[in-house]
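> with the input below, show me the fold.
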Amino acid sequence: KEMRIVDCGCGSAYLTFAVYAYLVHLKGRRVSITGVDREAERIEKCAMLADQLGWNDVRFVQSTIADYEPETSPDIVLSLHACDTATDEALARGALWDARLLLAAPCCQQELSEQIQADSQRALLKHGILKQRTADLLTDALRAAALEVAGYRTDVVEFTTTEVTSKNLLIRATRTGEGGGPDAVTHYTSLRDFWGVDPCIARLLGTRLAPTSGEENQSVATVPRAEPEGEGGTPSSN
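Residues are numbered from 1 along each chain as shown. Sure, this is the predicted structure:
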């Protein structure tokens, strides 16, 4: 069947076009892909290029990630270097759409750098560069842990070498069809509470992430799949 893909914060859409070309022209798959970005000028240029190529199954929508609603739930959600909490928005929207696969390369994690506090780690946190790098790793670890609570199997890998880009971590999440269970909840809440943070991914996932009160043995809520109403290249400000 046709593979439906959404590229959140697509920017200049290098990833959008590359993924379509690879899957369709090299792998022979049926694919429809939509690039989403809030910048009207980018979207107009990308749409013109898709039209020039005659790629009718490559579409572009001007919208923030948080406000975008696909006509049909996508199979795959992509996000390449969407800045700061825009990566959280892409992951959360993908999970709420029940996408089968989420692939996100984070960028510019700033949210937790001012939140993290742990008395036992003062020697680490007093150094600005070390505090920021700790916040970066913590942000991605909490994202992966939260997705496991929400019913995904996750891992974090390097998708390319640091010679290509220093932002080379990839969060890869595959939907399992069921909640992560008490162990996943414990892993998430223990990490969150140790550092005393309130990550964006938890607020965006809402009832898909339970509990949020630190009750580690509470069962994870299952949310019925909702039918919606209806790439990255350069870093996106979505």
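> helix, strand, or coil at the residue positioned nearest the centre of the chain?
In the chain, the residue lying closest to the centroid (CA atoms, centre = their mean) is Leu91, at 2.9 Å. Assigned by DSSP: H, G, I helix; E, B strand; the rest coil, the conformation of Leu91 is helix.
> who's in contact with it?
If you count contacts by CB atoms under 8 Å, 6 or more residues apart in numbering, Leu91 has them with 77, 79, 102, 104, 143, 147, 171, 173, 201. (Glycine included, C-beta is placed from N, CA and C.)
> again, only this time at 6 Å
By CB atoms under 6 Å, 6 or more residues apart in numbering, the residues touching Leu91 are 102, 104, 143.
> from Leu209, how far off is the last one?
To Leu209, Arg143 is 11 Å away according to CB to CB, to the nearest Å.
> and the first one, by the same measure?
Computed as CB to CB, the Leu102 to Leu209 distance reads 15 Å.
> now do the contacts for Arg143.
Here Arg143 is in contact with 91, 171, 201 (criterion: CB under 6 Å, 6+ apart).
> quick check, nearest of those to Arg192?
Proximity of the contacts of Arg143 to Arg192 (CB to CB) peaks at Ile201, which lies at 10.2 Å.
> can you give me the helices in this protein?
Ranges of helices in the chain, per DSSP state H, are 14-20, 40-53, 85-96, 122-125, 128-149, 181-195, 200-205.
> need the winner for burial among those.
helix 85-96 (a mean of 27; mean count of other CB atoms under 10 Å).
> mind checking how far the lowest-mean-pLDDT helix or strand in the chain is from the chain centre?
Lowest on mean pLDDT, DSSP states H and E among the helices and strands of the chain sits helix 122-125, with a mean of 78. Relative to its chain's centre, helix 122-125 lies at 29 Å (CA atoms, centre = their mean, to the nearest Å).
> how close does the residue lying farthest from the centre of the chain sit to Ser113?
Distance from the C-alpha centroid of the chain peaks at Ala123, with 31.4 Å (CA atoms, centre = their mean). According to CB to CB, Ala123 and Ser113 sit 17 Å apart.
> cool, Leu169 as well?
17 Å.
> just Glu158 next, same as before
22 Å.
> which one of those two has more residues nearby?
Ser113 (17 against 10; other CB atoms under 10 Å).
> show the contacting residues for the closest residue to that one other than its chain neighbours.
Leaving aside its sequence neighbours, Ser113 sits nearest to Ala135 (CB to CB, 6 or more residues apart in numbering; 4.1 Å). Applying CB under 6 Å, 6+ apart, we find Ala135 in contact with 112-113, 116.
> need the least confident one among the helices of the chain, by mean pLDDT.
Mean pLDDT per stretch puts helix 122-125 lowest among the helices of the chain, at a mean of 78.
> could you name the helices and strands sitting against that one?
Here helix 122-125 touches no other helix or strand, going by 3 or more CB pairs under 6 Å, 6 or more residues apart in numbering; DSSP states H and E.
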